[in-house]
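*Asks:* Structure of the sequence below:
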Amino acid sequence: MQTLSPVGIEAREYQRAIANSALQANTLVVLPTGLGKTIVALLVAVDRLSKYPESKALILAPTRPLVLQHAGFFEKHYPDKNAKSVFLTGEVPPPARASDFENARLIFATPEVIRNDVSAGRYDLHNVSLIVFDEAHRCVRDYAYSDVAQAYRSQAVEPLILGLTASPSAKKTRIEEICQKLAIANVETRTEEDSDVAEYVNEVEVRWERLPLPGDYKEATKILRSALDVRLNKLRTMHQLPQGVKVGKRMLLELGEKLHNSLRRGGAGALYGAVQLQSQAMSLTHAIDLLETQGAYGANRFLSKLERARTKSARGLARDPQIIEAQKLVASLEKTPHPKESKLRELVSDDLKSNTDAKIIVFTQFRDTVESIADNLNKIDKVRAIRFVGQASRSDEDPGMHQSEQMQILEDFREGKYNVLVTTSIGEEGLHVPDVDHVIFYEAVASEIRMIQRRGRTGRTRPGKTTVLMTEGTVDEAYYWTSRRKEEQMHRYLATVKNRGLKRVTRKKGTLLDYLGPQ
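*Replies:* Residues are numbered from 1 along each chain as shown. Now for the predicted structure:
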């Protein structure tokens, strides 16, 4: 029985209902961004640590900025101010981490730290009465969540798992894997249309801007596609690709995996040639995507690096006369702005003219593009754009950001020192940046998870808007239709769960998979 209530925050009725349900069994909570998944976790943690006063709660998140955000939220709102909390990082020496773990009741960490420490025997999870897996859609394949969940289930005396996500997946097989690895027995889901959450949902206008590709860009793309077709046709002749089928990036990736597996089993001869052709085809596909969806700057940087690359296939590609011709043309196009550049400038300028305090987030897939977008936007009057990327450094020209830098930038953005945040996928998951007025996708994304999470950065405390920039006749349009189809499929699955879930939960049997039809 819950004996304490969170401090300084009033939980909504649906949050309490979800938390009460989550206390009965391992639960996956699917709740739109901005509707307070962290409050649900707080409510469950308060109850568990009240019920088991000698136990611990472990709150996991995939990135350190997100972990710090959770730690700050609990510090502010957890009712027992005597409960020691700790943020575990790999930068702390292992003996100190072990001591911190043993002495704390609230533990915040990335899953890699916990997995490595438990594997090394520095501590175990027997006395943890709750683990929260934020962004639970990550719990697939060999991600560290999977190992932590397995260790927890085998070690804990009073285990309870709470998974949180805004978007589990449109794929039944992926949801099946998440539920299996987290031992999910209960699903709690809400959509913006549900009566108990509708009053808390702000309207988000979604617009898709289709932009024509300039003729000079099309000419450069034509040369690159011709070079790509040469390699695809050779792979077809070698019976590595099917005849008469359009070859996309996924098929090439699957071929690469198949070829490398064959080489590991002792294959030789023609396989080496096929590996080189597959690698070159991937490079050309990437160059085409960069040129069509990002602009000449990123494409030229990529093509110019080929001759200095470590791999024989890349250096061979750089010597191809067609590629040399294409690179010269692409380099000349840096003076011809991609239509997305002017449209983005227009959107940002209009936002700041209508609201001088507007906050805008621009998402792009590519780190190279982040820098150029921020630089171009900072040429506009009253724009204060800042680059926000992950910790890994790609090169001297593309340094990563330390955790302290990331947190400072987010704080400066909240306070208005910067009004445009230009970021990659690191900005997608969970980071709480209130009052964002406009989220702009520099390109369409095929993933329904990324689409939902990026869109969820706006409309949290007031109406917002989302704009997706698409280049006509390119992979942008294909990704647009793919993400829409997947999101609709996911919502159909979740609607089925919502309609049938109460009966299943009452019987304490079944998982999300029981409600999903065949793919």
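*Asks:* So in terms of bridging, what pairs with K465?
*Replies:* E205, H438 (DSSP bridges).
*Asks:* can you give me the helices in the stretch 1-150 of the chain?
*Replies:* Residue ranges of the helices in the stretch 1-150 of the chain, as given by DSSP state H, counting those that start in this stretch, are 13-22, 37-51, 64-77, 94-103, 111-119, 144-155.
*Asks:* Next, the angle from the fourth one to helix 111-119.
*Replies:* So the one you mean is helix 94-103. Here helix 94-103 runs at an angle of 90 degrees relative to helix 111-119 (axes from the mean of the first three to the mean of the last three CA atoms, to 10 degrees).
*Asks:* Please compute how far helix 94-103 lies from its chain's middle.
*Replies:* 30 Å (CA atoms, centre = their mean, to the nearest Å).
*Asks:* Can you work out which other helices and strands pack against that helix?
*Replies:* strand 85-88, helix 111-119 (3 or more CB pairs under 8 Å, 6 or more residues apart in numbering; DSSP states H and E). To be clear about C-beta, it is placed using only N, CA and C from the backbone, and glycine gets the same treatment.
*Asks:* Specify the stretch among those that is closest to I360.
*Replies:* strand 85-88 (30.1 Å; CB to CB).
*Asks:* From the contact counts, what lies against the closest one?
*Replies:* helix 64-77, helix 94-103, strand 106-109, helix 111-119.
*Asks:* looking at this protein, which helix or strand does the model trust least?
*Replies:* Comparing helices and strands within the chain by mean pLDDT, DSSP states H and E singles out helix 448-455 as the least confident, with a mean of 55.
*Asks:* Lowest average confidence across the helices of the stretch 1-150 of the chain, which one?
*Replies:* Mean pLDDT is lowest for helix 64-77 among the helices of the stretch 1-150 of the chain, at a mean of 90.
*Asks:* show me what contacts A83?
*Replies:* A83 makes contacts with 49, 105-106, as judged by CB atoms under 8 Å, 6 or more residues apart in numbering.
*Asks:* what's the answer for S313, then?
*Replies:* S313 neighbours (CB under 8 Å, 6+ apart): 275-277, 279-280, 283.
*Asks:* Please identify which helix or strand holds it.
*Replies:* helix 312-318 (DSSP states H and E).
*Asks:* Using PDB, write out every CA atom in that helix.
*Replies:* C-alpha atoms of helix 312-318 as PDB (Å, rounded to 0.1, in the frame of the first residue of the first chain):
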ATOM      1  CA  LYS A 312      40.400  -1.200 -51.500                       C
ATOM      2  CA  SER A 313      36.800  -1.000 -52.700                       C
ATOM      3  CA  ALA A 314      36.500   2.700 -51.800                       C
ATOM      4  CA  ARG A 315      39.800   3.700 -53.300                       C
ATOM      5  CA  GLY A 316      38.800   1.700 -56.500                       C
ATOM      6  CA  LEU A 317      35.600   3.600 -56.700                       C
ATOM      7  CA  ALA A 318      37.400   7.000 -56.400                       C
END
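*Asks:* Closest one of the contacts of S313 to T311?
*Replies:* S279 (6.7 Å).
*Asks:* from memory K37 sits against L31, does it?
*Replies:* Yes. Using CB atoms under 8 Å, K37 is in contact with L31, at 5.0 Å.
*Asks:* Compare the two (neighbour count), which wins?
*Replies:* The neighbour count for K37 versus L31, taken as other CB atoms under 10 Å, is higher for K37 (25 against 22).
*Asks:* Just say helix, strand or coil for V187.
*Replies:* Under DSSP: H, G, I helix; E, B strand; the rest coil, V187 falls in the strand class.
*Asks:* Could you give the bridge partners of it?
*Replies:* The partner residues for V187, given DSSP bridges, come to L28.
*Asks:* Secondary structure element holding L162?
*Replies:* Here L162 is assigned to strand 161-165, by DSSP H and E.
*Asks:* ok and the following helix or strand past that strand relative to strand 161-165, angle-wise?
*Replies:* Per DSSP H and E, the first helix or strand lying C-terminal to strand 161-165 is helix 172-181. Interaxial angle of helix 172-181 relative to strand 161-165 (the same axes, to 10 degrees): 150 degrees.
*Asks:* show me what contacts the residue of the chain positioned farthest from its centre?
*Replies:* Largest separation from the mean C-alpha position in the chain: G269, at 39.8 Å (CA atoms, centre = their mean). For G269, no residue meets the contact criterion (CB under 8 Å, 6+ apart).
*Asks:* and if you look at V468?
*Replies:* 206-209, 440-441, 443-444, 480.
*Asks:* Between the residues you listed, which sits nearest S5?
*Replies:* The nearest one, if we look at those relative to S5 and count by CB to CB, is V206, at 37.0 Å.
*Asks:* Please tell me the pLDDT value assigned to that closest one.
*Replies:* 80.
*Asks:* okay, now the spatially closest residue to P111 that is not a sequence neighbour: neighbour count?
*Replies:* Among residues not flanking P111 along the chain, A144 sits closest, at 3.7 Å (CB to CB, 6 or more residues apart in numbering). Burial of A144 is recorded as 18 neighbouring residues (other CB under 10 Å).
*Asks:* can you check the one 3 residues further on too?
*Replies:* For D147, the neighbour count with other CB under 10 Å is 18.
*Asks:* Is it correct that it is in contact with V113?
*Replies:* No. Using CB under 8 Å, D147 makes no contact with V113, being 11.8 Å away.
*Asks:* and the closest residue to F108 other than its chain neighbours, how many residues sit next to it?
*Replies:* The shortest distance from F108 to any non-neighbouring residue, by CB to CB, 6+ apart, is to A71 (4.2 Å). Residues lying near A71 (other CB under 10 Å) number 19.
*Asks:* what helix or strand is V330 on?
*Replies:* Secondary structure (DSSP H and E) places V330 in helix 321-332.
*Asks:* what's in contact with that helix?
*Replies:* Contacts for helix 321-332 (CB under 8 Å, 6+ apart): 216, 219-220, 223-224, 226-227, 230, 287, 291, 296, 299-300, 303-304, 306, 317-318.
*Asks:* Show me which of those residues are buried.
*Replies:* Listed as buried from those are 220, 223-224, 227, 287, 291, 296, 299-300, 303, 306, 317-318; burial here means 16 or more other CB atoms under 10 Å.
*Asks:* Please dump these into JSON lines; it should also carry pLDDT for every row.
*Replies:* Output for the buried ones among the contacts of helix 321-332, formatted as JSON lines (pLDDT from 0 to 100):
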{"residue": "A220", "pLDDT": "95"}
{"residue": "I223", "pLDDT": "96"}
{"residue": "L224", "pLDDT": "96"}
{"residue": "A227", "pLDDT": "96"}
{"residue": "A287", "pLDDT": "95"}
{"residue": "L291", "pLDDT": "94"}
{"residue": "A296", "pLDDT": "92"}
{"residue": "A299", "pLDDT": "93"}
{"residue": "N300", "pLDDT": "92"}
{"residue": "L303", "pLDDT": "93"}
{"residue": "L306", "pLDDT": "91"}
{"residue": "L317", "pLDDT": "93"}
{"residue": "A318", "pLDDT": "92"}
